[in-house]
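Asks: Need a 3D model of the following:
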Amino acid sequence: MRLCKSAKLIGLQAKPFTEEKLLFMLTDGRVVGWRLFDCDGPVDFLSEVRWEEDVRLVMIHNTGSNSSPPYTAKVCPPLSTKNSHFYRPLLALGSNSGSILIVDLTTTKTIKEFTLHTSPVSGIEWVANRRIISFSNNLGGSGPIKNELYYTDINTGRYQLLRTATKDRDDVPIVGIKVSYLHQYFIVLLKDRPFELWDLKSLNIIREMPGNFPPVTTLEWSPTQNHPLKNAKFNKKGEETTISTEQSTNHNDGPIREHFVFTDTDGVVYHLMVEGTVIKEGTRIPPDSQTGLINSIAWRGDLMVLGDSTGHLSFWDLKARQSRLVPTGRGAIRKLLLAPGRNTQLLLVMFNDGVEIWDCAESEVLSSIKSSKIGEVVDVDWGASDRPVIVNESGAVHIMDVNLDTAPNPVTALSLHTPIWLPFIYNQKEMMNFKIYIQHMGWQDNWDMKCPKSCTPLIWDSMLHTLKLRDKFSTLSFLERCLVTAALYGDMVEWRLWQVLAYYLDQSSPLSSAFDIVQDNQSFLKDQVKSLAIQEKCRSTYSHRQHSIHRHILLGNTDKPVQLLLEVEQDSPNFYQDCLRASLISSVSDSEVAQSTIKLVATNLIANDHLLEGCQLLCLIKKAVDACRYMQNFHCYNEAIWLAKVALTKEEYLEVMKYYIDLLVNKGSRHLGILLAISLSFFDKAAEILLATKLVTVAAPLVESCIEAGKWPESGAEIKDRVFVEYAKYMVSLNNLEIALKYCDMGGEKGRQLGEELRICAQ
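Replies: Below you'll find the predicted structure:
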């Protein structure tokens with residue numbers, strides 16, 4: 001993957017447990033996913049990779065980011081009876097870089113990204129549920145004005161440039177587009193010039209309005225074809241007016257008459273009718289003396305709302321022939337939007353300093369939010385009749401409720417392909433009871449899947465349905481169920497423990513190199529030799545070469561260190577020293593005098609803070625066990641364990657590891673100590689550490705797995721009884737008497753006494 005200057009790697013994460021997938025996060029906001037493939041296809045587990053074959057990383061997804069804010073936002077047409085079988089709530093976002101993102105509001109995922117415009121996207125309108133019209137211009141930049149108006153099908157990605165530059169159009173930027181509700185026409189609003197009327201079916205311009213046409217400040221189409229305004233004259237008191245509703249008489253196969261209103265700079269409201277290529281002027285309504293410049297109009301049915309630059313809302317009831325002028329006290333109104341739906345009268349009002357939701361029936365504010373809380377608002381829209389969508393200056397999209405105080409995204413509302421398994425949303429007792437249920441219950445045909453008394457039936461049934469337990473666990477052993485349960489519950493510590501235990505109980509699936517010193521010595525040595533070969537190919541500095549020399553000497557190799565030492569340049573300050581070291585390594589003999597001399601020199605070097613050099617000399621004369629002790633005394637435990645695994649005999653190795661496990665437990669690194677105890681088959685020692693750490697929920701399955709595999713030592717009978725008794729007590733705390741009695745019977749004399757007490761209490 002090649003990265004450019006604007007996209008640097010800032011984060012990397014492997015998939016937990018299986019580790020066959022990688023996620024890269026880049027500085028441009030992208031998240032790139034990769035997966036391991038071998039010659040047979042995608043790999044499911046990193047431990048299954050055959051590195052000697054052709055292994056490669058393949059990009060599986062590239063998630064775009066909401067980059068280059070601010071945005072313009074537009075939600076697709078609302079749900080209706082005509083589109084219910086394919087409807088998806090989609091949000092189109094236009095960015096400053098010229099790209100358009102299509103976001104699914106249900107899953108909050110970016111499903112499409114189109115790079116169409118060469119300048120910031122200024123506006124987007126949906127033509128249907130799968131087509132959009134967008135425009136941009138380089139207003140504010142250098143050079144002549146350049147407009148771009150695109151018609152795009154988001155399903156196929158095909159686009160068409162609608163408006164090409166001409167001499168007359170170069171210096172007039174587009175400031176808005178408005179699509180009619182029947183999707184027959186759309187209007188292109190121009191700055192300081194009359195608008196253009198376009199045919200949406202043929203995508204051709206119908207008419208350019210004459211030069212003496214009134215300047216347009218805002219425009220809105222009628223939501224139906226049945227609401228022309230005729231000879232209307234409004235006042236704020238709702239006194240006698242002449243406003244009527246006429247039915248369109250044109251029901252032929254030709255174009256249907258549609259209506260729109262607009263306002264000019266004087267506040268006059270104009271009503272026009274469009275039918276085919278004919279535009280007819282209807283009514284002119286003079287402005288109210290108290291209103292300012294009209295910035296936005298919202299219209300649905302018999303309700304029309306106008307917002308002005310002084311912060312006034314004018315509510316027009318076309319049926320009752322009344323109008324009300326209500327001050328907001330928030331300054332200029334930038335945008336008005338009525339919520340979708342026939343019976344809703346919610347109005348979304350966008351100001352310079354925030355957003356409000358009004359009840360049009362009562363002409364009062366229902367909720368309000370300011371920019372200081374959510375950030376500067378750049379655009380708003382309705383995602384549903386009760387879900388306003390707010391986009392702020394940082395590019396974040398907030399899907400809120402009517403109260404504007406939360407951003408709801410309930411799990412139950414997500415349209416997911418598979419059920420979600422989230423055990424931690426339940427209370428702790430039910431979560432742990434279900435985990436124990438998966439691990440310990442039998443999986444025969446007569447297995448009882450009924451909810452125990454300690455759990456809620458609804459939650460129990462939900463868990464069973466989500467996991468489809470019988471299909472997944474019917475053939476698994478007890479240890480395998482523990483392993484899968486740890487993965488289901490997202491417990492990485494337990495999962496690693498069960499992986500290590502499974503390997504050392506049956507030696508079936510080898511541990512991957514990620515387990516490092518917990519591997520058996522043969523596998524560890526093999527992986528270290530491979531790693532050392534890779535490091536040699538990539539070495540580029542003197543320190544890298546010295547590291548390779550050190551590792552080869554500890555491994556008992558002499559030819560390779562000599563070769564690396566003789567590669568030193570003649571002008572290097574280390575030339576003389578490296579040549580002497582090469583001569584020493586190649587001339588080491590088995591004579592008693594040479595052995596004694598080298599050991600004496602090594603001891604002096606270690607005493608004078610040259611630990612690594614002294615240990616190298618000890619390894620040259622086959623004194624690796626002494627080198628390990630020196631490393632431990634100087635607290636170089638990682639080096640000591642590394643050397644012990646690759647160079648010591650089994651008895652010497654066990655001696656070093658016992659000391660290291662005790663040290664880890666005393667210093668609080670008990671998890672690694674437990675894994676190392678398991679790797680040495682000290683299962684009773686691992687159980688004892690778990691019990692001392694109060695991890696009885698892990699200790700009991702560990703003991704039971706070892707007993708099932710026939711690997712539990714006879715000397716660990718006392719530890720076994722203590723573990724099972726403590727586990728039975730824990731089951732009692734979870735109100736799980738059935739499993740508690742089972743482990744009482746397995747816990748020796750003390751367990752049987754506890755079991756008798758529990759049976760008496762239960763009666």
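
Asks: Now tell me which helix or strand of the protein has the poorest mean pLDDT.
Replies: Counting by mean pLDDT, DSSP states H and E, the chain has its least confident helix or strand at helix 469-473, which shows a mean of 58.

Asks: Show the residue spans covered by the strands in the stretch 101-250 of the chain.
Replies: For the stretch 101-250 of the chain, the strands identified by DSSP state E, counting those that start in this stretch occupy 109-115, 121-128, 131-137, 147-153, 159-161, 174-179, 185-190, 193-199, 204-208, 218-221, in order along the chain.

Asks: so which of the ones you listed gets nearest Ile534?
Replies: Across the strands of the stretch 101-250 of the chain, the minimum distance to Ile534, taken as CB to CB, is reached by strand 109-115, at 37.6 Å. Where C-beta positions appear, they are placed from N, C-alpha and C, glycine not excepted.

Asks: contact partners of the closest one?
Replies: Strand 109-115 is contacted from outside by 63-64, 66, 90, 98-104, 152, 154, 157, 159, using CB atoms under 8 Å, 6 or more residues apart in numbering.

Asks: in it, what counts as buried?
Replies: Thr110, Lys112, Glu113, Phe114 (16 or more other CB atoms under 10 Å).

Asks: Including pLDDT and distance to Gly307, could the residues you listed go into a markdown table?
Replies: Formatted as a markdown table, those follow (pLDDT from 0 to 100; distance: CB to CB, whole Å):
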| residue | pLDDT | distance to Gly307 |
| --- | --- | --- |
| Thr110 | 81 | 32 |
| Lys112 | 85 | 33 |
| Glu113 | 85 | 33 |
| Phe114 | 88 | 32 |
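
Asks: Out of those, which is nearest to Lys599?
Replies: For these, with Lys599 as the reference and CB to CB as the criterion, the closest is Thr110, at 67.0 Å.

Asks: I'd like the distance from the closest one to Gly395, if you could.
Replies: Applying CB to CB, to the nearest Å, the value for Thr110 to Gly395 is 12 Å.

Asks: Equivalent analysis for Ile641, please.
Replies: Counting by CB to CB - Ile641 and Gly395 are separated by 49 Å.

Asks: Likewise for Leu9?
Replies: 21 Å.

Asks: Looking at the two, which has the bigger crowd around it?
Replies: When neighbours are counted by other CB atoms under 10 Å, Gly395 comes out ahead of the other of Leu9 and Gly395, with 20 against 12.

Asks: surely the more buried one meets Thr72?
Replies: No. Applying CB atoms under 8 Å, one finds Gly395 not in contact with Thr72, separated by 11.8 Å.

Asks: per-residue pLDDT, Arg169?
Replies: Model confidence at Arg169, given as pLDDT, is 52.

Asks: likewise Leu483?
Replies: As predicted, Leu483 sits at a pLDDT of 85.

Asks: and it, how many residues sit next to it?
Replies: Neighbours of Leu483 under the rule other CB under 10 Å: 22.

Asks: so it touches Leu497, yeah?
Replies: No. Counting by CB under 8 Å, Leu483 stays clear of Leu497, with 9.3 Å between them.

Asks: Can you name the element that comes right after the least confident helix or strand of the chain?
Replies: Tracing the chain past helix 469-473, the next element assigned as helix or strand by DSSP states H and E is helix 478-488.

Asks: Not counting its neighbours along the chain, what's nearest Gly276?
Replies: Residue nearest to Gly276 in three dimensions, not counting chain neighbours: Pro255, with 4.5 Å by CB to CB, 6 or more residues apart in numbering.

Asks: Next: Arg387.
Replies: Take Arg387 and drop its neighbours on the chain: the residue closest to it by CB to CB, 6+ apart is Ile399, 5.8 Å away.

Asks: Having no further points to raise, I will conclude here.
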